[in-house]
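S.K.: with the sequence up front, the predicted model follows.
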Amino acid sequence: MGGLRYEMERNHTTVDKSFLRNGDPHYAFPALGLIPARFNEMAAYSAISPKVGLSYQMTPEIMTYANVARGYRPGGINPFTTDVNTMVFDPEFSWNYEVGLKTTLWNKRLRANLTGFYIDYEGQQLFTLIDLNTFNFGRDNIGRSISYGLELETEWLILSGLTATANLGYLETEITDFKVIGFAGEVNNRGNRQGYSPQWNGNLGLNYQKKLGQISLGITVDYQYQTAMFFDPENNLEQEAYGLLNSRLTIGYKGVTLGLWAQNLTNEVYFSYGYGISGGGLFASYGLPRTLGSTLTLKF
């Protein structure tokens, strides 16, 4: 199996900053001497992304495979910059290597998949302070970083209509080249972990489906867990390990389905998003607290 993809993108961004005070259109915001009030920028990107894969069916129940692919994320234009010379950030490239094993065992009552991967990033994009000398912040490129790990996915058919899932992931990451000018001078992030990369993560789930004539019932309960992770390349802003318990009840009749769901049942307090500005501050947003809701779906 093989493939080849060619992608082109053209980005044209116009920014015009203006401020009003008490309805006065002639008010000049003082910081516009530092932040460009207007700019017009254009950038174009293109990339070739090949992919090669091999698979081998060892037995009717066991298959092995290996894939190599080049990943690509186009660059862009940073509207928050204070330096017109760094408005454009570069594309992100990666080489992705993957080997795996897919199995169906015990008379198709157990499905188990094991995957090992290695990713080599060049110019990985992230939001951070770029240079304190110009107070330039926004999206920038890491020189190089790597990640590798294992993923295990399993699904058991326990009884008719009742299935259980158990998934486990192990991840190692390292920034191998990335320096910025922080408030205390040059900040070298080499050897740090990538952001949003817990070393361990997994989930357990139960799903029960039942048909009662034309009425269908479904109950799902799952628990998601992850160990501690950092949000910033300096590894200062850390989210401790946490887990979320979720559930869902569905009732369907012909083309109508009503779903009642609950997320974060234990009301866990955690950060879902964050970033640091190279020693100049840490910013984070809380994840959703206990949330209840319903969804009505109609199919014609």
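M.R.: Looks like it arrived, so ask away.
S.K.: please make it C-alpha for all contacts and neighbour counts, starting now.
M.R.: OK.
S.K.: who touches V256 in this structure?
M.R.: 296-299 (C-alpha atoms under 8 Å, 6 or more residues apart in numbering).
S.K.: swap the cut-off to 7 Å and go again
M.R.: 297-299 (C-alpha atoms under 7 Å, 6 or more residues apart in numbering).
S.K.: same thing with G259?
M.R.: 248-251, 294-296.
S.K.: could you rerun that using 10 Å?
M.R.: Under the criterion of C-alpha atoms under 10 Å, 6 or more residues apart in numbering, the contact partners of G259 comprise 217-219, 248-252, 293-297.
S.K.: got any ranges where the stretch 201-300 of the chain has weak pLDDT?
M.R.: Within the stretch 201-300 of the chain, the stretches with pLDDT under 70 are 277-281.
S.K.: go on, the stretch 51-200 of the chain?
M.R.: 81-85, 128-139, 181-184.
S.K.: quick one, strands of it?
M.R.: 62-73, 76-77, 88-89, 92-105, 110-122, 125-131, 136-141, 144-159, 162-177, 179-182, 185-188, 200-212 (DSSP state E, counting those that start in this stretch).
S.K.: mind checking which of the ones you listed is nearest N267?
M.R.: Among these, the nearest to N267 by C-alpha to C-alpha is strand 200-212 (17.5 Å).
S.K.: next, the angle from the closest one to strand 162-177.
M.R.: With axes from the mean of the first three to the mean of the last three C-alpha atoms, to 10 degrees as the basis, strand 200-212 and strand 162-177 are set at 150 degrees to each other.
S.K.: and strand 200-212, how far out from the chain middle?
M.R.: 23 Å (C-alpha atoms, centre = their mean, to the nearest Å).
S.K.: for that strand, buried residues please.
M.R.: For strand 200-212, the neighbour count (16 or more other C-alpha atoms under 10 Å) marks 200-208 as buried.
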